[in-house]
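*Asks:* here is my input, please return the structure:
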Amino acid sequence: MITQTPPLTLQRVVPRPLLMAKDEFILCLKLLSAEGIDPPNRCCTAPERRYRVVFSGDLEPLGNELWSRVAAGYPNPSWNARWDVRFEDYPWDNDSSRLRVEVLGFFSYGEEGPETSTGMSVVGRAEVPLPKKLCKQKFHKLQLLRPEGDKYKAEGTIGVSLEVMPLIEAERRDNKYMWKQFMKSL
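*Replies:* Now for the predicted structure:
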C-alpha cells in the first residue's frame, strides 16, 4: 500500500546573530528634507534664509550634538545627509529613548535686527523614538513645533530615517554597495 505523505512546507530560516554585551552597533541617521518650515512673514526675504539641523540625545554617543551642513531652499530645504553613530549599548535601556531634532534658521536681517546675538532662531523642534528592532529602517515625517512665547505652534515637517544594525552588517552593506559601484564603472 502506498501512503501519500503531506507536501513539505518550506520555511525560510534566517539565523539570528548572537548579540553579546560587547558587540558594536551603528545608528544610521539620515536627514532628508523639510517642508513648509518658517512662515514667509518672518523677518527677512526668502532668498536670505538658511537652515541647519541639530540632533541630540540621552544615549552616550549621542550625548553630543550632531549638526547638519547649512542648507538653503525656503520653504523646503533639503540636506540629504547621513551619519553613522557607533555605540555598544543595545537594546536601549529606556523605552522612552528619543532623539531630539531642532531646526535653526540663520537669517540676514534688515532693519529689524537679529532675534538673538548669533543671528539664529529656532524654526522648529521635534522628537523621534530610537529604533527598537535591528536592521529595520524606519522613516519618520516629523511635525515641527515652533516656540511662540509659552506655547508651541505646529508648522512644517522634517523627514528623517533611523536604523540600528550590528557594525558587521553595516560594513557588509557598505562593501556590497562599493562592489556594485565598481562593477558599474567597468
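*Asks:* shaky segments in the chain?
*Replies:* Under the criterion pLDDT under 70, the flagged ranges of the chain are 1-22, 39-48, 58-63, 89, 91-96, 107-119, 177.
*Asks:* could you pull out the strands for it?
*Replies:* 25-35, 50-57, 66-67, 71-72, 78-87, 98-106, 120-129, 138-148, 151-166 (DSSP state E).
*Asks:* want to try TSV for those strands, with mean neighbour count and distance to Lys180 as columns?
*Replies:* Any C-beta I mention is one placed from the backbone N, CA and C, and that applies to glycine too. Formatted as TSV, the strands of the chain follow (neighbours: other CB atoms under 10 Å; distance: least, CB to CB, whole Å):
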stretch	mean neighbour count	distance to Lys180
strand 25-35	20	18
strand 50-57	20	29
strand 66-67	14	28
strand 71-72	17	28
strand 78-87	14	17
strand 98-106	20	30
strand 120-129	19	30
strand 138-148	15	23
strand 151-166	18	19
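*Asks:* in CSV: those strands, plus distance to Arg172.
*Replies:* What follows is those, written out as CSV (distance: least, CB to CB, whole Å):
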stretch, distance to Arg172
strand 25-35, 11
strand 50-57, 25
strand 66-67, 24
strand 71-72, 31
strand 78-87, 14
strand 98-106, 25
strand 120-129, 26
strand 138-148, 20
strand 151-166, 9
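*Asks:* out of those, nearest to Ser185?
*Replies:* The closest of the strands of the chain to Ser185 is strand 78-87. By CB to CB, the value is 21.8 Å.
*Asks:* just the CA atoms of that closest one, as PDB, please.
*Replies:* Backbone C-alpha positions of strand 78-87 (Å, rounded to 0.1, in the frame of the first residue of the first chain) are rendered in PDB as follows:
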ATOM      1  CA  SER A  78      17.000  69.700   1.500                       C
ATOM      2  CA  TRP A  79      20.000  68.200   3.200                       C
ATOM      3  CA  ASN A  80      20.200  64.500   2.100                       C
ATOM      4  CA  ALA A  81      22.800  63.900   4.800                       C
ATOM      5  CA  ARG A  82      23.800  60.700   6.700                       C
ATOM      6  CA  TRP A  83      25.600  60.000   9.900                       C
ATOM      7  CA  ASP A  84      26.700  56.600  11.200                       C
ATOM      8  CA  VAL A  85      26.900  56.800  15.000                       C
ATOM      9  CA  ARG A  86      28.800  53.900  16.600                       C
ATOM     10  CA  PHE A  87      27.800  52.600  20.100                       C
END
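*Asks:* can you list contacts of it?
*Replies:* Strand 78-87 is contacted from outside by 24-34, 53, 55, 59-62, 66, 68-69, 71, 167, 170, using CB atoms under 8 Å, 6 or more residues apart in numbering.
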